[in-house]
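Asker: Sequence first, then the predicted structure, then my questions.
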Amino acid sequence: MARVELRNVRKVYPGGVVAVTDASLSVEDKEFVVLVGPSGCGKSTMLRMIAGLEEVSSGEVEIGDRVVNDVPPKDRDIAMVFQNYALYPHMTVFKNMAFGLMLRKVPKPEIKKRVGEAARILGIEALLDRKPKALSGGERQRVAVGRAIVRDPAVFLFDEPLSNLDAKLRVQMRAEISKLHNRLQTTMIYVTHDQVEAMTMGDRIVVMLDGEIQQVATPTDLYKKPVNKFVAGFIGNPPMNFCDGRLVGEDGSLHFHSATGGVDLKVTPAHYDALRNHIDEDIVFGIRPENLLENKTQVPVAGRSITANVEVVEPMGAETHLYLEVGGGTFVARITDDTLPAENAPHVLDAEMGSAHFFDARTEARIV
Amino acid sequence: MGSTLKIPAYTLLSLWLLAVVLPMIWVFANSLRSSKEIFENPFGAPWVLTGSPHAEEAGEPDPWDSAKANFANAWVTSHFGTFFLNSVLVTAVSLVCILAVSSMAAYALARLPFRGNRVLFLYFISGMMIPAQLILLPLFFQFTRMSDALSILARPFGAEVQLHDSLSGLIGIYIAFSLPFTILLLTGFFKSLPGTLREAGIIDGCSEFAVFRHIMLPLARPGLITAAIFNFLGLWNEYLFALVFVNSTENKTLPLGLASVSIQAQYKTDFGLLFAGLVIVIVPTLLVYIVLQRQLTSGITMGALKG
């Protein structure tokens, strides 16, 4: 039970590679925070600094109101689940889980009780006498989690724990870890490169890029109010559509014209205020696939419709993804209609301009 | 492998097997025969098995008695008992020290990122490039000076340090000479173990030494056994250093003892005894190899676990 606080944390590896530039983050007690970002963004380094496996170059790491910069990992009251599980191959499952307690000189009956309890929670009671070699990937994953649970730490750290599992098992374990968090009510910090994992599991999500924290927000806020173009494109699947162009004032209203032509959309009056200073400037228009709606009549409405060439139709079951080409750019639309459009034919979609976003072309920050 | 390749391959292997096994059988057989019997037919089967053709003649000894006499004379009269114990002591102490020091050094070199790691590794490995013959003489004189210096230090305790003609001196040389190769071998083994195991151990509450002792060392067992076999073979048969640094009979090791008996045999021509001595040298090597070989293969299959 502890909060974790990072203050202006910086990590420079020998050789001058800056892994984390200047990160400040505060994780509340019992919160489930997910660090997400593309590979090399510094998310694992952040986690390892919290764990104490990497030294902090500058700044402070605080766990439970105690600065732990110089505290060795074993005294930080944390447990970590590794990507490759890092189970000790020469020990049985029981010993793997009990090892940390044995080192802490916990009495034997207590060890037995705690390992038994963790095994029961994770459904691995039958495996306690086996060696890790004799376990499947999912079972190893559970043992790795079990090893963390028995220690009853103040903070759980997960370093991409599900990325070695197959897709089906990953979805299952995802839900189980969420359940575990509800049950244990412990602070958890979870690193992943999978935005779906991040969205589904985290109370709050920290999006990172190139060693910098881009945005810290709840999944909904992250989705609806991304702070910049990177976050907007990283969160959501299929990702947000972007289109370079300009804002042009036309007979009293504001229009977005794509740079390559083919897109002419009328901006919602509600966005006028925010966009006023960007008229006749380069701007990036962004719209999520679900905000491109099917035009029932297939008759384009000026300022609202996009007529695009359908390149690929991907039926997903409950919904269909359309890959469309317009003016050299590609758009993805997510529709739920049963009648699918033909490929390689023009198709009319209406943009829900109230949900559209505009980004500064130079800074990539979201304007609205 | 194609069947066309199999025939020459197996032929070659069979020839190799014969080349190794036949002399060994010959040695074992002749160790059971008296010199007289050996001279009668050097390649014949031992009379203890076939029965002596001269059994009826008066005064002819029982073949079993001469066989036993070979071993008894070798063990007692020719001091093979002493040589054997010396060899066991020297080899065992050296092996334990070599494995203890090398495994710790190799773990540190393989896993701990400290300044000068690479240089230190190369320094150790460079030891393999020094031929023993080259440093024999300097080492001999160094031992003299070291003995004098250490004796001065030990005088208040009423002790005298003698590195020449002593088993402890020999053990010291053996350890020093075996370290480079053993460290090279074990560093490779420790490097092959996944690094996250160390991190998991550290988070579980291990000190650096506990990681080594409880996690890495058990996993490096195949490497340790390989190192043990190689070093045992080298040390058990070591002749050159023993010859230069050991003079007195009570400090001789088996290879030295065997050599001195074979030199005497030129005059005494007691070949039965010489073969018995050879058997005493060979048998432990065979035993160690057979026992550790099993562990070696079972150890390799254990391997480190990847996700």
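Answerer: It's in.
Asker: List, one by one, the residues from the stretch 51-200 of chain B near chain A.
Answerer: B:Pro194, B:Thr196, B:Leu197, B:Glu199, B:Ala200 (CB under 8 Å from any CB of the partner chain). C-beta coordinates here come from the backbone N, C-alpha and C atoms, glycine included.
Asker: For these, which entry has the maximal number of neighbours?
Answerer: Comparing these on neighbour count, B:Ala200 comes out first with 28 neighbours (neighbours: other CB atoms under 10 Å in any protein chain shown).
Asker: what about the nearest residue to it once chain neighbours are set aside, how many neighbours?
Answerer: If the residues on either side of it in the chain are set aside, B:Ala200 comes closest to A:Ala86, at 3.8 Å by CB to CB, 6 or more residues apart in numbering or on different chains. By other CB under 10 Å, the residues close to A:Ala86 number 28.
Asker: May I have the secondary structure class of A:Ala86?
Answerer: The assignment at A:Ala86 comes out as coil when based on DSSP: H, G, I helix; E, B strand; the rest coil.
Asker: okay, and for the stretch 101-250 of chain A, where does confidence drop off?
Answerer: Within the stretch 101-250 of chain A, no stretch has pLDDT under 70.
Asker: Where does it get nearest to chain B, which residue?
Answerer: With distances taken as CB to the nearest CB, the stretch 101-250 of chain A approaches chain B most closely at A:Leu103, which sits 4.0 Å away.
Asker: Please name the residues that touch that residue.
Answerer: For A:Leu103, the contacting residues are A:Lys74, B:Asp204, B:Gly205, B:Cys206, B:Ala210, taking CB atoms under 8 Å, 6 or more residues apart in numbering or on different chains as the criterion.
Asker: Try it again at 6 Å.
Answerer: Contacts of A:Leu103 were listed using CB atoms under 6 Å, 6 or more residues apart in numbering or on different chains, and they are B:Gly205.
Asker: ok, it to A:Arg151 distance?
Answerer: 10 Å (CB to CB, to the nearest Å).
Asker: same thing with A:Arg183?
Answerer: Distance, A:Arg183 to A:Arg151, using CB to CB: 16 Å.
Asker: touching chain B at all, stretch A:120-138?
Answerer: Yes: under the criterion of CB under 6 Å from any CB of the partner chain, stretch A:120-138 makes contact with chain B via A:Pro132, A:Lys133.
Asker: So what's the gap between that stretch and the chain middle?
Answerer: Centroid displacement of stretch A:120-138 relative to its chain, using CA atoms, centre = their mean, to the nearest Å, is 29 Å.
Asker: Touching, A:Phe158 and A:Val81? I think so.
Answerer: Yes: with contact taken as CB atoms under 6 Å, A:Phe158 and A:Val81 are classed as touching, separated by 4.8 Å.
Asker: ok, and does the helix or strand hosting A:Glu176 reach over to chain B?
Answerer: Counting by DSSP states H and E, the secondary-structure element that holds A:Glu176 is helix A:167-184. No: in this structure, helix A:167-184 remains apart from chain B according to CB under 6 Å from any CB; the gap is never smaller than 12.7 Å.
Asker: Could you check that helix and say which residues are buried?
Answerer: Within helix A:167-184, the residues that qualify as buried by neighbour count (16 or more other CB atoms under 10 Å in any protein chain shown) are A:Arg170, A:Met173, A:Arg174, A:Glu176, A:Ile177, A:Leu180, A:His181, A:Leu184.
Asker: cool, stretch A:77-97 as well?
Answerer: A:77-94, A:96-97.
Asker: So for it, mean pLDDT?
Answerer: The average pLDDT for stretch A:77-97 rounds to 93.
Asker: Where do the helices of the stretch 101-250 of chain B begin and end?
Answerer: B:117-126, B:132-154, B:167-192, B:196-204, B:208-210, B:217-219, B:221-236, B:240-245 (DSSP state H, counting those that start in this stretch).
Asker: Among the ones you listed, which comes closest to A:Glu28?
Answerer: Across the helices of the stretch 101-250 of chain B, the minimum distance to A:Glu28, taken as CB to CB, is reached by helix B:196-204, at 22.6 Å.
Asker: tell me the contacts of the residue nearest to B:Phe212 when sequence neighbours are not counted?
Answerer: Sequence neighbours aside, B:Tyr107 is the residue nearest to B:Phe212 in space, at 5.1 Å (criterion: CB to CB, 6+ apart). Under the criterion of CB under 6 Å, 6+ apart, the neighbours of B:Tyr107 are B:Phe190, B:Phe212, B:Met216.
Asker: Return a ChimeraX selection command for the buried portion of the residues you listed.
Answerer: The following ChimeraX command selects only the buried members of the contacts of B:Tyr107, with burial defined by 16+ other CB under 10 Å:
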select /B:190,212,216
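Asker: Give the single residue among the contacts of B:Tyr107 positioned nearest to B:Ala228.
Answerer: Distances from B:Ala228 to these, taken by CB to CB, are shortest for B:Phe190, at 15.9 Å.
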